[in-house]
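1. sequence and predicted model, in that order:
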Amino acid sequence: MEDVRIELRSLLNAFLTKHPGYELELARELRVSISTIKRWAKGESAPHPLGCPSVIEHLKNKLSAGS
């Protein structure tokens with residue numbers, strides 16, 4: 001699980017670095033609060049293990065699409 005959390009944090013921070021100020025929109029897309037996005041980015045928490053792969057896939061798609 002730790003590898004998944006590291007991957008999530010890395011992807012999320014890469015995305016937010018590329019798109020500053022996008023936390024609120026991303027939170028809406030993922031149906032979580034902005035504080036949850038911030039906790040994930042800091043590595044303080046992560047999505048439920050069953051939901052984490054879909055969040056990672058969402059971030060990968062957004063990064064590869066450049067959006």
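-> Yes, it's here. Numbers count the residues shown, from 1 in each chain.
2. any stretches of the protein with poor pLDDT?
-> 1, 67 (pLDDT under 70).
3. so what's the residue nearest the centre of it up against?
-> The centroid of the chain falls nearest to residue 12 when counting by Cα atoms, centre = their mean (4.0 Å). Contact analysis of residue 12 by Cβ atoms under 8 Å, 6 or more residues apart in numbering lists 37, 40-41, 59. The way it works is simple: take the backbone N, C-alpha and C, and place the C-beta from them, glycine included.
4. against residue 25, how distant is it?
-> 13 Å (Cβ to Cβ, to the nearest Å).
5. now do the contacts for residue 26.
-> Residue 26 neighbours (Cβ under 8 Å, 6+ apart): 15-16, 37.
6. which strand or helix spans it?
-> helix 23-30 (DSSP states H and E).
7. one more: residue 9?
-> helix 2-18.
8. how big is the angle separating that helix from helix 23-30?
-> 130 degrees (axes from the mean of the first three to the mean of the last three Cα atoms, to 10 degrees).
9. for helix 2-18, buried residues please.
-> Residues of helix 2-18 classed as buried by neighbour count (16 or more other Cβ atoms under 10 Å): 5, 7-9, 11-12, 15-16.
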